[in-house]
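> Sharing a model that was predicted from the sequence below.
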Amino acid sequence: MQLRGRFQRSFFEHGCLAAAPSLLGAYLVHRIGPGDERVGRIVEVEAYLGDGSDPSSHSHRGETRRNRAMFGPPGHLYVYRSYGIHICANVVCEAPGRGAALLLRAVEPLAGLAAMRAVRGLRPDAPDRELGNGPGKLCQALDIRLDDYGTSLLHGRLRLRPRQPGDPHPRVARSTRIGISKGRERPYRFFVADHPCVSHGRPS
DNA sequence: GAAATGATCGTCT
DNA sequence: GACGATCATTTCA
């Protein structure tokens, strides 16, 4: 796998369950164009395993046209359309061929809030937490599209940036996942405890 | 607040 | 032909 640096290695070499908490507090940075940079701090993720044991993972039944990116290199994006309407984004983790990924469920918006509000169709006085507190909302706010399928988060316009040395260490909480019908009992949802920008879906 | 509902479409069975 | 890793809105308590 073409990962460079301690950050990327620590993220993806110990399995997606181990990587999940280290994604909390990391930054998602999208340089869309001059004067349009959108940044969010990740506050909620869900792990979907790649060993075939996780019935709600899109990789569960093996590789298909749709989930091909899940089996690709770690640090790349697996994007899909949900319910025919929304877009959801995952960070591929673990080695190629495994099919493990982390679903990005919520971010705290840090930069580009005006553009996020506009594209989300929210009123100017809508609270900041409404911008990215859900997997579909997050993609809309950060302008992640199906076109970004398979692209790398380690270089390019859209990047994952590690928690910075001065950043407070997030208090990590854990629960079952949201909105799934199989594998409900698995505690694979990780989020920052008491953070206002966490999604309000109900754990299974 | 919590729960129910309809919108909408690509992918896989 | 059925089914979602969702969201916004409505309805009820």
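Yep, that arrived.
> Let's see the pLDDT reported for residue A:201.
Listed pLDDT for residue A:201 reads 87.
> can you tell me which residues contact it?
A:134, A:178-179 (CB atoms under 8 Å, 6 or more residues apart in numbering). Heads up, the C-betas are built off the backbone N, CA and C, glycines and all.
> give me that answer again for 6 Å
Residues near residue A:201 by CB atoms under 6 Å, 6 or more residues apart in numbering: A:178-179.
> And stretch A:100-117, what's buried?
A:100-109, A:112-113, A:115-117 (16 or more other CB atoms under 10 Å).
> so, in contact with DNA strand B or not, that stretch?
No. Against DNA strand B, stretch A:100-117 shows no contacts by CB under 7 Å from any atom of the strand, the least distance being 14.3 Å.
> average pLDDT for that stretch?
On average, stretch A:100-117 scores 97.
> now the residue of chain A most remote from its centre: how far from DNA strand B?
Distance from the C-alpha centroid of chain A, by CA atoms, centre = their mean, peaks at residue A:125 (26.2 Å). For residue A:125, the distance to DNA strand B (CB to the nearest atom of the strand, to the nearest Å) stands at 17 Å.
> A strand includes that residue, no?
No. Using DSSP: H, G, I helix; E, B strand; the rest coil, the secondary structure at residue A:125 is coil, not a strand.
> how far away is it from residue A:109?
Residue A:125 sits 15 Å away from residue A:109, going by CB to CB, to the nearest Å.
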